[in-house]
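*Asks:* Here is a sequence together with a model predicted from it:
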Amino acid sequence: MAFTETFTDGNALAGPLREIFALEMTSADGRCVTCGRTGPVADLRVYGHENGPGLVARCPGCEEIVLRLVVTPERVWLDLRGLVSLAVIR
Amino acid sequence: MGIVTPGFTGRRRSDVNLPPGQYLTEDFPVLSAGPTPRIPLDTWEFVIVTETGEKHTWSWAQLMAMPSEDVTVDIHCVTKWSKLGTRWRGVPVSAFFDEVETAADFAMAVSYGGYTTNVPLDDLLDGQAWVAYKFDDDDLAPEHGGPARLVVPHLYFWKSAKWVRGLRMMLEDEPGFWETAGYHDYGDPWREQRYQGD
Ligand SMILES: [Zn+2]
């Protein structure tokens, strides 16, 4: 059996990603990689919001890291390591 | 009244030599990336894993039996505060390597709670780094990394891993927790190596 794999490069994501990152995120439902808990981003426990090197958001169910956000002078670093999926309301 | 003694205005800030972009603080801000781990001393251990997988383990009692040093050092946080003349007691990291054979040039410091940070081995030896367990003559408080933390004062303070559990020796450098999220792999405050690319 032969599969024909066709793909394009990541530029195909430009429009959809721009649309997503412009949307309200705290109401989006995320599913935790570690424990499977699903809930809105607003329910995450965020550390480092006062004076830390970056924001670390943890799952309220298992305390594992769901996402990290670091803002440097030239870049925004986003680590979504703990998300199976994020359901953003359009 | 009206007499101003020389000490009244305190030390002039301009005569303090700070790394670029840093300001002086008298506080000891607590930075956290998660809940503070509480590690009972009877289960605490410090483990060095070499590049061949060989494990060397020290218990709390063994740590206490090792010759300690009292050091007074300046510390510099990447969030721009510096604190001068902090006093620590700890075991120099080089003492652990008296018993460890390694050809690795890099170490990943690993902490209780999952934190990691990468440091070249050369920066941990020769009186440059300690596994510290006292601060200002008191047991190191959990929020400051107790029962024991790494203190590597010549690098930005995120390299001084709180709640340190051990070192994983690496033949190649790998980025740790903050280093994978935009922070510099080495972190020399005097060269202002805050972020990747600095
Ligand atoms: Zn979870």
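*Replies:* Right, received. Where do you want to start? Residues are numbered from 1 along each chain as shown, chains lettered A, B, ... in the order given.
*Asks:* Tell me where the longest helix sits in chain B.
*Replies:* Counting residues, the longest helix found in chain B (DSSP state H) is helix B:60-65.
*Asks:* Flag every buried residue along it.
*Replies:* B:60, B:63 (16 or more other CB atoms under 10 Å in any protein chain shown). The way it works is simple: take the backbone N, C-alpha and C, and place the C-beta from them, glycine included.
*Asks:* For chain A, what lies in contact range of the ion?
*Replies:* Proximity of chain A to the ion, by CB under 5 Å from the ion, involves residues A:32, A:34-35, A:37, A:59, A:61-62.
*Asks:* which of those residues count as buried?
*Replies:* For the residues of chain A next to the ion, buried by 16+ other CB under 10 Å: A:32, A:34, A:59.
*Asks:* now the residues you listed in CSV, with secondary structure, pLDDT and distance to A:L13?
*Replies:* Below are these laid out as CSV (DSSP: H, G, I helix; E, B strand; the rest coil; pLDDT from 0 to 100; distance: CB to CB, whole Å):
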residue, secondary structure, pLDDT, distance to A:L13
A:C32, strand, 98, 24
A:T34, coil, 98, 26
A:C59, coil, 97, 26
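*Asks:* Show me the residue sitting in the middle of chain A in space.
*Replies:* Nearest to the geometric centre of chain A sits A:L80, at 4.1 Å (CA atoms, centre = their mean).
*Asks:* Contacts only, for it.
*Replies:* For A:L80, the contact set (CB atoms under 8 Å, 6 or more residues apart in numbering or on different chains) comprises A:66-67, A:86.
*Asks:* Quick one: buried ones out of those residues?
*Replies:* A:66-67.
*Asks:* For chain B, which segments count as strands?
*Replies:* B:23-24, B:45-49, B:55-59, B:69-76, B:81-92, B:106-111, B:116-120, B:130-135, B:138-139, B:149-151, B:164-170 (DSSP state E).
*Asks:* Rebuild these as CSV, extending it with mean pLDDT, distance to A:A42 and mean neighbour count.
*Replies:* CSV is the format used below for those (pLDDT from 0 to 100; distance: least, CB to CB, whole Å; neighbours: other CB atoms under 10 Å in any protein chain shown):
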stretch, mean pLDDT, distance to A:A42, mean neighbour count
strand B:23-24, 96, 34, 12
strand B:45-49, 98, 38, 17
strand B:55-59, 98, 43, 15
strand B:69-76, 98, 35, 16
strand B:81-92, 97, 30, 18
strand B:106-111, 98, 29, 23
strand B:116-120, 98, 28, 22
strand B:130-135, 98, 37, 23
strand B:138-139, 98, 38, 12
strand B:149-151, 98, 33, 24
strand B:164-170, 98, 33, 22
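*Asks:* Enumerate the residues of chain B near chain A.
*Replies:* B:29, B:31-35, B:78-79, B:114, B:158, B:178, B:180-183, B:194-197 (CB under 8 Å from any CB of the partner chain).
*Asks:* Now chain B against the ion: closest residue?
*Replies:* Going by CB to the ion, the ion is nearest to B:G34 of chain B, at 13.0 Å.
*Asks:* I'd say that residue and A:V56 touch.
*Replies:* Yes: assessed by CB atoms under 8 Å, B:G34 is found in contact with A:V56 at 6.3 Å.
*Asks:* and for those two, which residues touch both?
*Replies:* With CB under 8 Å, 6+ apart, B:G34 and A:V56 have common neighbours A:47, A:65.
*Asks:* I am finished for the moment; much appreciated.
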